[in-house]
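> My questions are about this predicted structure, shown below with the sequence.
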Amino acid sequence: MPIVAVDDTDSREQGMCTTYVGVRLAERLTAAGGTVRRRLLVRLNPAVKHKTRGNAAVALHVADVDVDEAFALAGETVREFAAVEDPRTAPGVVVADVPVGMVATSAAASKPPAIPSAVTAAIPEPVVRFARQAVHERLSLETAITLADRQGYPHAAFGTGGADGDEAPGRGRIGALAAIGAAAAFDDWTAAHISYRALDRCGTPRSVDAESVFTAANAAYPVVWDTVDREAGEVVCVPHAPGPILHGIRGDDPAACRRVAAAIESEPVERAATFHTNQGTDVHLRDGTIGDLADGTCYRVSGVVTGEPESRRGGHVHVDVAAASGATPVLRAVAFAPTGRFRGHVRALRPGDRVTLCGEYEVRTDRLDPTGTLKLEKLAVRDLVETTSTTPPCPSCERTMSSAGRDQGYRCRACATTAPGKVTVPLDRELERGWYEVPPTARRHVAKPLVRGGFDAPVHPER
C-alpha cells in the first residue's frame, strides 16, 4: 500500500495550496485505477520560519496502485501545480510502500475514524518518531533524506526553491516524510472539509455570502468550530491568501463539516475534499519548564505572575512569569495585538496569580540583548490572588489613615483614631479560574479550541 506525501508546494505571494495539489494528485491516482482510502492533512511545527501560514503537508493512503506509478503521478502533479517559480518554495515528494492491506472507512462516519491498526503498526518506528519531532522541532533536510533512503522510500525535489543557502531544493521532503509517519504518530484526528474555486479565479476577491456562513456555523456549533468569530462578526473559514481555497470547514464530524460547506452560498465550488487532520488538537505543545525552553518550539509552561501586565505600543500586552514566587529566571509572555480581546484576560492578571501558559517560544538573536518570548495562544488561571493589604480607613470618618511613624501603625489626622497596621481587603477580580483562548480570528490551525473539551480546568471558550 503506497502512502504518497507532498509538501511545500505553495507560496505566500503566488498562492497555491498543498491540499489542492494533494486533491489533484488523488484524482490522478483514482484515474489510474487506484483507490484513495483517506487523505491526511498534517499540521507541523508552526514556528518553522519557512512555512506559509498553516505549515501543512498532505499524505494519501492509496490501494490498487504500485509505488512506481504513484511516485510518477506525484511528480507529474507537483510539476503542474506547485508554485515552483517562487524561490522560497521548495516542493518535495516522498512515497512509502507500507506492506498492509487497506481497511476502507465510511464517508458517513460520525467522527474521523481511527486509522486502522494494521496501517499504523506497519509504519516504521523511526518514521513515526520523525513525525512527532516535526511538530515540535526544526528538522534538517539531510536528516529527512537519510531516513527516507534508509527506509527505501523514493523521494524527489522540484524547482530551485530553498537554494538560498538555507536549505537545498526539495525542503518539502521534510514535511512529506513527517506526513507519512503521522498516521501512527498521532491519535487525535479531526476533520477538514475544503472547497476549492476555479484556478482562473485565484487572486480575485472571493464571493462568499457571510450571512449564510453564520447561519450554517450556528446550526453546527460546537461540533463544527472556528468557522466564524461571532463576537467580532467576522468569517474565519474563508482565507485571504491568493490560493485556490474557497472555504475550509473544521470540526469533529466530517459529515457535519460537509453540511456546513453545502449550506454556504458562494461562487461555484470547482471541487472539494474531506481530510483527516491533526489541526485543532494542540499536538504542537510540549510540556516545558521556565528557564529551559528551546527557540522555535511551542510549550505548555506553568508559573507565577511576577509583575503587573504592561500594554505597549502597537497594542501588545506583556506579562512576566516565573516558575515560583521570587524565582529566576523570569519568562516574558506576550499577547500580541491580533489576539484581540484575549489581551483583556492577560491585562487582568496580577502578581501572585498562578497560571499555565501555552504558545511559541522565540529568541530574537537580532537584538543586542537577546531575550526569549512566549507568544501566547491560550492560558489557564490556576489560582487567583483574591485579597490585598491596604492602608486602613478611619472607622469614624472613612478617610484613609496616615502612617503614624515607623512601626507605629496608622492614625487618622482628623479623628485621632489609630490602627496597628494594614488591613486585608477582598479584590474584585475580572478573571475566573480556568482556561482562556485567543479568538477564532487569531487561532492557529493546530491549536485546540476550548469547546472541543478534554482540558483540566473549566473552560471559557471564544465563539
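Yep, that arrived.
> right, and the helix or strand after the longest strand seen in the chain?
Longest strand in the chain by number of residues, with DSSP state E as the criterion: strand 372-383. Using DSSP states H and E, the helix or strand that follows strand 372-383 in sequence is strand 387-390.
> what's the pLDDT at the nearest residue to Ala404 once chain neighbours are set aside?
Sequence neighbours aside, Arg411 is the residue nearest to Ala404 in space, at 4.2 Å (criterion: Cβ to Cβ, 6 or more residues apart in numbering). For the C-beta atoms, the positions are set from N, CA and C on the backbone; glycine is no exception. On pLDDT, Arg411 comes in at 93.
> hang on, isn't Arg411 packed against Thr400?
No: the pair Arg411 / Thr400 is not scored as a contact, 11.3 Å apart, by Cβ atoms under 8 Å.
> pLDDT at the residue lying closest to Ala185 once chain neighbours are set aside, what is it?
In space, and not counting its chain neighbours, Ala185 is closest to Ala131: 3.8 Å by Cβ to Cβ, 6+ apart. Ala131 carries a pLDDT value of 98.
> Ala131 belongs to a helix?
Yes: counting by DSSP: H, G, I helix; E, B strand; the rest coil, Ala131 is part of a helix.
> mind starting the numbering at 7 from now?
Noted, 7 is the first residue going forward, which turns the last one into Ala137.
> Is it in contact with Ile186, as I believe?
Yes: using Cβ under 8 Å, Ala137 makes contact with Ile186 at a distance of 7.4 Å.
> Spell out the residue ranges of the helices in the stretch 207-356 of the chain.
Using DSSP state H, counting those that start in this stretch, the helices of the stretch 207-356 of the chain run over 216-226, 260-269, 348-353.
> Ok, which of those comes nearest Pro130?
Comparison of the helices of the stretch 207-356 of the chain against Pro130 by Cβ to Cβ identifies helix 260-269 as nearest, at 28.5 Å.
> what angle do the closest one and helix 216-226 make?
In terms of direction (axes from the mean of the first three to the mean of the last three Cα atoms, to 10 degrees), helix 260-269 departs from helix 216-226 by 160 degrees.
> just checking, what packs against helix 260-269?
strand 196-202, helix 216-226, strand 230-231, strand 251-257, strand 277-283 (3 or more Cβ pairs under 8 Å, 6 or more residues apart in numbering; DSSP states H and E).
> mind checking which of the ones you listed is nearest Val429?
Once the helices and strands packed on helix 260-269 are compared by Cβ to Cβ, strand 230-231 is nearest, at 46.7 Å.
> Now the closest one: average pLDDT?
Averaging pLDDT along strand 230-231 yields 98.
> Model confidence for Ser408, exactly?
pLDDT recorded at Ser408 is 93.
> can you check the one 3 residues further on too?
Reported pLDDT at Gly411 in the predicted model: 88.
> where does the stretch 107-256 of the chain have low pLDDT?
By pLDDT under 70, the weakly predicted segments of the stretch 107-256 of the chain are 107-116, 167-174.
> thinking again about what came up before, counting neighbours, which bits of the longest strand of the chain end up buried?
Buried residues in strand 378-389, counting neighbours by 16 or more other Cβ atoms under 10 Å, are found at Gly378, Thr379, Leu380, Lys381, Leu382, Glu383, Lys384, Leu385, Ala386, Val387, Arg388.
> same check, this time on stretch 121-141
121-122, 125-126, 128-130, 133-134, 136-141.
> returning to that earlier point: give the rounded mean pLDDT of the longest strand of the chain.
Mean pLDDT, computed over strand 378-389, is 96.
> What of stretch 346-360?
The average pLDDT within stretch 346-360 is 96.
> Can you tell me what sits against it?
237-238, 308-315, 317, 321-323, 325, 331, 339, 341, 343, 361, 382, 385, 387-391, 433, 435-437, 442-445, 447-448, 468 (Cβ atoms under 8 Å, 6 or more residues apart in numbering).
> same check, this time on stretch 194-201
With Cβ under 8 Å, 6+ apart, stretch 194-201 has contacts from 25, 29, 47, 117-118, 120-121, 251-260, 263-264, 266-267, 270, 272, 275, 277-287, 289, 458.
> One more: stretch 274-284?
Contact partners of stretch 274-284, identified using Cβ under 8 Å, 6+ apart, comprise 25, 28-29, 32-33, 44-49, 64, 113, 118, 121, 141, 188, 192, 194-205, 250, 252, 256, 260, 263-264, 267, 452.
> more neighbours, Arg417 and Thr406?
Regarding Arg417 and Thr406, a neighbour count based on other Cβ atoms under 10 Å identifies Arg417 as having more, with 17 against 12.
> separation between Met22 and Pro357?
Using Cβ to Cβ, to the nearest Å, we find Met22 at a distance of 48 Å from Pro357.
> Could you check which of the two has the larger neighbour count?
Applying other Cβ under 10 Å to Met22 and Pro357 shows that Met22 carries more neighbours, namely 25 against 14.
> Isn't the more buried one up against Gly249?
Yes: contact status for Met22 versus Gly249: in contact at 5.5 Å, counting by Cβ under 8 Å.
> so what sits against both of these two?
Asp16.
> Would you confirm that Glu82 belongs to a helix?
Yes: per three-state DSSP, Glu82 lies within a helix segment.
> sorry, back to before: which of the contacts of stretch 346-360 count as buried?
With neighbours counted using 16+ other Cβ under 10 Å, these contain these buried positions: 308-312, 315, 322-323, 325, 339, 341, 361, 382, 385, 387-388, 390, 437, 442-445, 447-448, 468.
> Sitting in strands, which of those do you find?
308-311, 323, 325, 339, 341, 361, 382, 385, 387-388, 442-443.
> In contact with Cys418, which residues?
Counting by Cβ under 8 Å, 6+ apart, Cys418 touches Cys400, Ser402, Cys403, Arg405, Met407, Ser408, Thr424.
> let me fix that: Arg469
Arg469 neighbours (Cβ under 8 Å, 6+ apart): Tyr227, Asp235, Arg236, Glu237, Pro446, Val457.
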